[in-house]
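Enquirer: sequence first, predicted coordinates after that:
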Amino acid sequence: MPLAVRDASEPAAAASRRILIETHDVRFGYDREPVLEDVSLTVAAGEFVALVGPNGSGKSTLLRILLGSLRPDGGSVRIFGTDPGVFDERWRLGYVPQRPTLASEVPATVAEIVTSGRLSRRGWWRPLSSADRVAVAHAIESVGLAELADRPVNTLSGGQQQRAFIARAFASEPELLVLDEPVAGVDAESQRRFSDSLTHLIREHRAGVLLVSHELSAVAGIVDRVIVLKGRVLFDGTPTALMREGVSLGIHREDLPLWLEGLR
Amino acid sequence: MTAAWTFPFGVDFMQRALVAGLAVGIFAPVIGLFLVQKRLSLMGDGIGHVAFAGVGAGLLLNVWPIWTALAFAVVGALGVDWLRARRRVAGDVALALFFYSGIALGVVLLSIGGGLNTSITYLFGQPLTVKPSEIAVILVLGAAITVTMWVLRRTMFAVVTDEDWSRAAGLPVDGLNSLLAVLTAVAVVAAMRIVGILLVAAMMVLPVASAQLLARSFRGTLLVAICVGAGSVVAGLAAAWFWDIAPSGTIVLAAACVFAIVSIAKRTAPRSLRQEEHA
């Protein structure tokens, strides 16, 4: 299926926004096997960008490059205008890793997990202040887990645990949220809460969101831009433009996964 | 002075054993909690093997074995952490090579220095003969471990619970892993005169195992583990006094009994109580 690399209907307003993530012609390979070729993308403040692609398309590799745990073979990467390898204001970037459940040997409450998210903002060696505790309580409330704050995380459902991890990312009051497959295997109620939380983060705090997922039906109504990756960027535009290619994000839940599968 | 002590802790050597033992009963579970969460429950056991080589070196060189054991244990702990972090060789095999080489080196050094009999005190522990100078070292090292872990408890919790996320959040994961390894080595050496190199890991893990079953939070587990650790020391020393048996063994057996009782109580508790716990 021929795809437009750039969608002409992309909101012009994005160009004037503050850029949080910017990659330009990024290349990367494992043992001479190219994984990413000339990947250029941006995520601006207040923008919700979904990064999708079939298995093996390089999504995880790109995420690791953005987080600074891998260095690209070529091209440039900037997080808040800084090289990710030396970016030290980590609290500005909230990260939700791909994980269905927490394998905790020792009981740990939702509040304890979410408090971890405050450490990078407060300074990991400093004691928590009352403002930190308020931020943690607010983060827990924003994902609808206030009543479960004192419950051990490993007694919660997968969806509730995932919301706890999202609250952990919220706790530092990030300007950019990066989520890796956050709704995989999560129940409908948690998906709705998840969507509400992201809307709140974008509207109230003008944060940018980069979500990596196979399946976008839970957030179909709030995605500003979809980037399709398969080693290189195959599509970068609005959900409406993607719809013109015959792919809907929200009407038929299986549309996007089936279409991505066809790209392999 | 002695009037303040309850029987059987009315005699000097029992009081010294109690003071040193209580310190171990507190700091060993504090370190153990983070090792259990990191799935490195037997780290203390392995580092003890390396510390044994330090005991051998100390007796051979006529240096106080606590210092040489500390040096060997810290270097060994950092080596293990380095191997674990870089996955240069298969984890278990590498650790086994490291640890058993340590104990073999200890045996060789002791045979050269003629200290095999003395080493029994360090292998199996003997709190009833602990000297004031040794108590001072145990208290100072124990205080350093407990205060450091208390100050860094939230950060250390984040790192041992979710290392990848902690790295992305900018926490100094490598430095904190190394710190945990070093403090584990310090705990092993500080506890070896009381419970012995062969049983030190038990005092790190067993109180935590009981506390896991009773508490509902990480903080709660820490506090319950400290209570179980300290209680096991008191009960173990008392049992050793009444039955005239080895106190290091009775201390650890007391901790094991607590775990057995808690496990059985949890299994046989009315279903309604267990459900309430998860409600």
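Expert: That came through, no problem. Residues are numbered from 1 along each chain as shown, chains lettered A, B, ... in the order given.

Enquirer: average pLDDT for the helix or strand hosting B:Phe13?
Expert: Using DSSP states H and E, B:Phe13 falls within helix B:12-37. Summarised as a single mean, pLDDT over helix B:12-37 is 95.

Enquirer: list the buried ones in it?
Expert: B:14-37 (16 or more other C-beta atoms under 10 Å in any protein chain shown). In this view, the C-beta of every residue, glycine as well, is placed from N, C-alpha and C.

Enquirer: try stretch A:72-86
Expert: For stretch A:72-86, a neighbour-count test (16+ other C-beta under 10 Å) marks A:72, A:75, A:77-80, A:84 as buried.

Enquirer: tell me which entries of those residues lie within strands.
Expert: The strands, defined by DSSP state E, take in A:75, A:77-79 from those.

Enquirer: the nearest residue to A:Arg193 once chain neighbours are set aside: what's it in contact with?
Expert: Once flanking residues are discounted, A:Arg193 sits nearest to A:Gly144: 4.7 Å by C-beta to C-beta, 6 or more residues apart in numbering or on different chains. In this structure, A:Gly144 makes contact with A:163, A:193, A:196-197, judged by C-beta atoms under 8 Å, 6 or more residues apart in numbering or on different chains.

Enquirer: now A:Gly144: how far from A:Val134?
Expert: 18 Å (C-beta to C-beta, to the nearest Å).

Enquirer: flag the shaky bits of chain B, pLDDT-wise.
Expert: Applying pLDDT under 70 to chain B flags the ranges B:1-5, B:87-92, B:94, B:270-279.

Enquirer: for it, which residues are neighbours of chain A?
Expert: Taking C-beta under 8 Å from any C-beta of the partner chain, the part of chain B that reaches chain A is made up of B:33, B:36-37, B:39, B:151-152, B:154-155, B:157-158, B:161-162, B:164-172, B:208, B:212, B:215-221, B:278.

Enquirer: now these: which count as buried?
Expert: Buried subset of these (neighbour count, 16+ other C-beta under 10 Å): B:33, B:36-37, B:152, B:154-155, B:157-158, B:161-162, B:165-171, B:208, B:212, B:215-221.

Enquirer: closest residue of the stretch 1-150 of chain B to chain A?
Expert: B:Gln37 (4.8 Å; C-beta to the nearest C-beta).

Enquirer: ok, now which ones touch the residue nearest to B:Pro65 when sequence neighbours are not counted?
Expert: Leaving aside its chain neighbours, B:Pro65 sits nearest to B:Gly58 (3.4 Å; criterion: C-beta to C-beta, 6+ apart). By C-beta under 8 Å, 6+ apart, the residues touching B:Gly58 are B:64-69.

Enquirer: so which of the residues you listed is surrounded by the most neighbours?
Expert: B:Ala69 (29 neighbours; other C-beta atoms under 10 Å in any protein chain shown).

Enquirer: tell me the gap between the helix or strand harbouring it and the middle of its chain.
Expert: Here B:Ala69 sits within helix B:65-86, counting by DSSP H and E. Put simply, helix B:65-86 sits 15 Å off its chain's centre (C-alpha atoms, centre = their mean, to the nearest Å).

Enquirer: show me what the helix or strand following that helix is packed up against.
Expert: On the C-terminal side of helix B:65-86, the closest following helix or strand by DSSP H and E is helix B:91-113. Here helix B:91-113 touches helix B:43-61, helix B:65-86, going by 3 or more C-beta pairs under 8 Å, 6 or more residues apart in numbering or on different chains; DSSP states H and E.

Enquirer: please work out how many residues are found near B:Leu95.
Expert: Neighbour number of B:Leu95 under other C-beta under 10 Å is 20.

Enquirer: what distance do you get for the nearest residue to B:Phe124 once chain neighbours are set aside to chain A?
Expert: Closest residue to B:Phe124 apart from its sequence neighbours, by C-beta to C-beta, 6+ apart: B:Gly196 at 4.1 Å. Using C-beta to the nearest C-beta, to the nearest Å, one obtains 26 Å as the distance from B:Gly196 to chain A.

Enquirer: ok, B:Asp244 next?
Expert: 37 Å.

Enquirer: burial measure for that residue, as a count.
Expert: Neighbourhood size, B:Asp244 [other C-beta under 10 Å]: 7.

Enquirer: now check whichever strand or helix holds A:Leu211, is it near chain B?
Expert: According to DSSP H and E, A:Leu211 maps onto strand A:208-212. No - judged by C-beta under 8 Å from any C-beta, strand A:208-212 stays clear of chain B, getting no closer than 13.1 Å.

Enquirer: quick one: B:Ile245 and B:Ala202, what's the gap?
Expert: B:Ile245 is 17 Å from B:Ala202, by C-beta to C-beta.

Enquirer: quick check: longest helix of chain A.
Expert: helix A:188-205 (DSSP state H).

Enquirer: now what about that one, what contacts it?
Expert: Against helix A:188-205 from outside (C-beta under 8 Å, 6+ apart): A:46-48, A:142-144, A:157, A:159-160, A:162-163, A:166, A:170, A:173, A:175, A:177, A:182-183, A:186, A:207-209, A:211, A:218-219, A:221-222.

Enquirer: just the ones in helices from those residues, please.
Expert: Per DSSP H, the contacts of helix A:188-205 map to helices at A:142, A:159-160, A:162-163, A:166, A:170.

Enquirer: roughly how far does A:Val153 sit from chain B?
Expert: 9 Å.

Enquirer: looking at this, A:Val43 is in a helix?
Expert: No - assessed by DSSP: H, G, I helix; E, B strand; the rest coil, A:Val43 does not belong to a helix; its assignment is strand.

Enquirer: pick out the most distant pair among the contacts of A:Gly144.
Expert: Distance extremes for those: the farthest pair is A:Arg163 and A:Asp196 at 10.6 Å, using C-beta to C-beta.
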